[in-house]
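Asks: take a look and give me a structure for this.
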Amino acid sequence: MATIYEVAALAGVSPATVSRVFNGLPVSEEKTRRVRAAATKLSFTPNKTARRLRKQSSEIVALLIPDIENPFFTALARGVEDRAQEAGFSVVLCNTDDDPAKELRYLQIVASEHMAGVILAPASDEVDLGAIASLGRPVVAVDRTTPYPVDGVKIDNRAAGIAATTALFDIGYQRVACIAGPAGIEATEERSLGWREVVAARSPQVPDGYLQHANFRVDGGRAAMRALLGVQPRPDAVVTTNNLMAVGALQVLGDAGISTHEFGVAVVGDLPFAPFIPAAVAQVRLPARHLGRTAASMLLERIGGSTQPPRTVVLRGELEVVAPPATPSLDASMQSVPRQN
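Replies: Residues are numbered from 1 along each chain as shown. Purely as a prediction, here's the structure:
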């Protein structure tokens, strides 16, 4: 079996450079190409077991997300895996269901199995990273932040809420409600804050009941939409702060025979089942895959020995708003459609 020294000699680089290439650390493209070509020619395979014993960690990272069925987190996971694979790391995917107890069990497993690091979307503000921190394993918080001093990467959620709400007012709607996630979750608070700011600037007053909190799933969107249809004066549009809640809201409107022209809908996120999305729905598309790649890159930097202070990267200017054109005759067209109260 070829050794790292033989690979280095054939590639014309130092053994340390070969090690850096196979540990996913920064190396020039030319040297990386030569090292990998030499390794292929010599059938060189890094001794991962020995490396794990030396480093007291594996070449496995954990990804903890709250809902694997949500396409947003599916895309995020793909971004994490793509970047990890490029660096020679494998990813273990853990679904927490936004349950702090389940999250804690997974974190304990990460620690006991000596995984190299963890990327997580915390289930709550009280996430317990004690076991991971005691081992010095790097952590990157994604989509949400933690009270611990760890790296993080997130979307500009306030800007997303502003964009979705503005799209509805620009189309011509006047009484815009909001279906937000559970209170106390950072993304929920920031997106609903964006909604509040636009409504305060564009609408004389916000009736009680126009902000509905729900879980992040389809059934939560259904329950919140039913509640909104009973509020007086009834809103004429709604911002849903995630994609699955939007699916539930659309189901309720469809069951009630209310079209998305009569009752406007804007969603923060990409709706699943794209061919079946009503054309009148406004979407603020989120860079989920880029979010995952960025988080994985930050984690790999820490695994590689980076000691810079913890930082949070906010992906700004990457929100894509897809909205139907403004409808000057919206008020007249809505008056011609029977209301269902």
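Asks: can you pull out the strands in the stretch 1-150 of the chain?
Replies: 60-65, 90-95, 117-120, 139-142 (DSSP state E, counting those that start in this stretch).
Asks: including distance to Leu228, could those go into a markdown table?
Replies: For the C-beta atoms, the positions are set from N, CA and C on the backbone; glycine is no exception. What follows is these, written out as a markdown table (distance: least, C-beta to C-beta, whole Å):
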| stretch | distance to Leu228 |
| --- | --- |
| strand 60-65 | 28 |
| strand 90-95 | 30 |
| strand 117-120 | 32 |
| strand 139-142 | 31 |
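Asks: point out the most buried one among those strands.
Replies: Mean neighbour count (mean count of other C-beta atoms under 10 Å) peaks for strand 139-142 among the strands of the stretch 1-150 of the chain, with a mean of 27.
Asks: as CSV, could you dump the C-alpha coordinates of it?
Replies: Extracted in CSV, the C-alpha atoms of strand 139-142 (Å, rounded to 0.1, in the frame of the first residue of the first chain):
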residue,chain,number,x,y,z
VAL,A,139,-20.4,23.8,16.2
VAL,A,140,-22.1,25.9,13.5
ALA,A,141,-25.7,27.1,14.1
VAL,A,142,-27.7,27.3,10.9
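Asks: quick one: distance of the helix or strand that contains Arg191 to the chain centre.
Replies: Assigned by DSSP states H and E, Arg191 belongs to helix 186-202. Chain-centre distance of helix 186-202: 19 Å, with C-alpha atoms, centre = their mean, to the nearest Å.
Asks: flag every buried residue along it.
Replies: Residues of helix 186-202 classed as buried by neighbour count (16 or more other C-beta atoms under 10 Å): Glu186, Ala187, Thr188, Glu189, Glu190, Arg191, Ser192, Gly194, Trp195, Arg196, Val198, Val199.
Asks: need the pLDDT of Thr327.
Replies: Per-residue pLDDT puts Thr327 at 58.
Asks: just to revisit the earlier point, other SSEs contacting the helix holding Arg191?
Replies: strand 151-155, helix 157-171, strand 176-180, strand 211-213 (3 or more C-beta pairs under 8 Å, 6 or more residues apart in numbering; DSSP states H and E).
Asks: quick one on the thing from earlier: redo the strands of the stretch 1-150 of the chain as JSON lines? Include distance to Val7 and mean pLDDT.
Replies: Below are these laid out as JSON lines (distance: least, C-beta to C-beta, whole Å; pLDDT from 0 to 100):
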{"stretch": "strand 60-65", "distance to Val7": "23", "mean pLDDT": "95"}
{"stretch": "strand 90-95", "distance to Val7": "22", "mean pLDDT": "96"}
{"stretch": "strand 117-120", "distance to Val7": "26", "mean pLDDT": "95"}
{"stretch": "strand 139-142", "distance to Val7": "31", "mean pLDDT": "96"}
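Asks: from Ala2, how far off is Ala38?
Replies: Separation of Ala38 from Ala2 (C-beta to C-beta, to the nearest Å): 9 Å.
Asks: give me the common contacts of those two.
Replies: Both Ala38 and Ala2 are contacted by Phe44, under the criterion C-beta atoms under 8 Å, 6 or more residues apart in numbering.
Asks: more crowded one of those two?
Replies: Per other C-beta atoms under 10 Å, whichever of Ala38 and Ala2 has more neighbours is Ala38, with 20 against 14.
Asks: all good on my end, thank you.
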